[in-house]
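Student: 3D, please:
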Amino acid sequence: MRSASALWAGYWSLPVVEINLLLFANLSGALLLGLIVGYERSYHSRAAGMRTYGIVCMASCALTVFAGYPGYWWGLADAARLGPIDPTRVVQGIVTGIGFLGAGVIMRDGLSISGLTTAASIWATAAIGVLVGVGFYPAAILLALLCASLMMWGVRVEARLPALQAAGVTLGFLPVHEPDDHAIKALMHDWGYAMAEGSLHITLQHGQVSWQFVLVALQTRPPTVSLFALARLLRGIEGVDGLQLTHARN
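Tutor: Now for the predicted structure:
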């Protein structure tokens with residue numbers, strides 16, 4: 001049996017610290033790559049943006065890279081002495097369970113989706129717990145700090161980067177009016193917007209046609225027409241009898 005002091009020293013021995021430094025590099029690189037991928041989604045006003053992709057990529061790295069060093073788990077020089085232990089099956093159960101928990105915080109209101117970053121952060125918290133559980137304390141601390149920093153300041157970085165504005169639109173037309181899709185799309189193009197492909201949903205109720213779709217700006221902000229001005233322009237379309245306009249992250 002190893003003494004308490006020997007067990008504690010094992011977590012901060014030189015080989016374990018060197019491995020944690022390697023984990024630092026892996027987590028930082030995964031975060032950077034996730035942010036790069038997420039920026040493309042943010043640029044096109046998708047619901048999952050830089051923070052979501054960054055957290056998911058970084059947490060996936062954490063859950064993968066620690067499994068490559070089982071010989072140093074729990075501060076031991078040779079974890080094989082512990083016998084036939086397979087903690088990765090426990091990790092698999094954690095990841096699956098947290099996935100269901102994260103799905104519970106994702107909310108959809110019309111064309112707008114919220115809660116994805118929260119779901120990703122919950123999932124990343126599971127990765128932090130796994131790292132702590134196997135004794136990679138410095139890597140767990142770094143992952144926690146990176147996630148917290150990304151949650152607090154990532155939105156400010158996204159706000160400063162060029163992005164295409166998107167709006168969720170619902171248009172109700174007069175019962176006797178048949179909307180001209182080509183004319184309406186041409187008007188939107190003149191305003192600096194385009195209807196997102198595949199977002200159009202047409203309904204007919206009590207003889208009244210309704211369109212629900214996402215408008216995406218053709219230029220990065222700020223030259224785009226504001227939502228207030230866009231609402232006035234949409235109300236001016238011939239035959240429009242009802243309007244609903246909201247910010248959209250599609």
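Student: CA only for contacts and neighbour counts going forward, please
Tutor: Fine.
Student: pLDDT below threshold where in this structure?
Tutor: Applying pLDDT under 70 to the chain flags the ranges 1-11, 46-48, 75-87, 109-112, 221-224, 249-250.
Student: State which strand of it is the longest.
Tutor: When the chain is parsed with DSSP state E, its longest strand is strand 208-220.
Student: Give the other helices and strands that it contacts.
Tutor: strand 164-173, strand 193-195, strand 201-205 (3 or more Cα pairs under 8 Å, 6 or more residues apart in numbering; DSSP states H and E).
Student: what's the closest of those to G239?
Tutor: Among the helices and strands packed on strand 208-220, strand 164-173 comes nearest to G239, with 5.4 Å by Cα to Cα.
Student: Give me the residues contacting that closest one.
Tutor: 43-45, 110-112, 179, 208-221, 224, 227, 239-249 (Cα atoms under 8 Å, 6 or more residues apart in numbering).
Student: just how off-centre is the longest strand of the chain within its chain?
Tutor: Relative to the chain's own centre, strand 208-220 is displaced by 23 Å; criterion: Cα atoms, centre = their mean, to the nearest Å.
Student: Now do that strand against strand 201-205, angle only.
Tutor: Strand 208-220 runs at 160 degrees relative to strand 201-205, counting by axes from the mean of the first three to the mean of the last three Cα atoms, to 10 degrees.
Student: Break down this protein into its helices, ranges please.
Tutor: Assignment of helices within the chain using DSSP state H yields the ranges 4-11, 14-43, 50-65, 87-103, 116-133, 137-160, 181-191, 227-235.
Student: Buried deepest among the ones you listed, which one?
Tutor: helix 50-65 (a mean of 24; mean count of other Cα atoms under 10 Å).
Student: relative to helix 116-133, how tilted is that helix?
Tutor: Using the same axes, to 10 degrees, the direction of helix 50-65 lies 20 degrees away from that of helix 116-133.
Student: and for helix 50-65, what are the contacting residues?
Tutor: So helix 50-65 is contacted by 23, 26-28, 30-39, 41-42, 116-117, 120-121, 123-124, 127-128, 130-131, 143, 147, 150-151, 154-155, 158 (Cα under 8 Å, 6+ apart).
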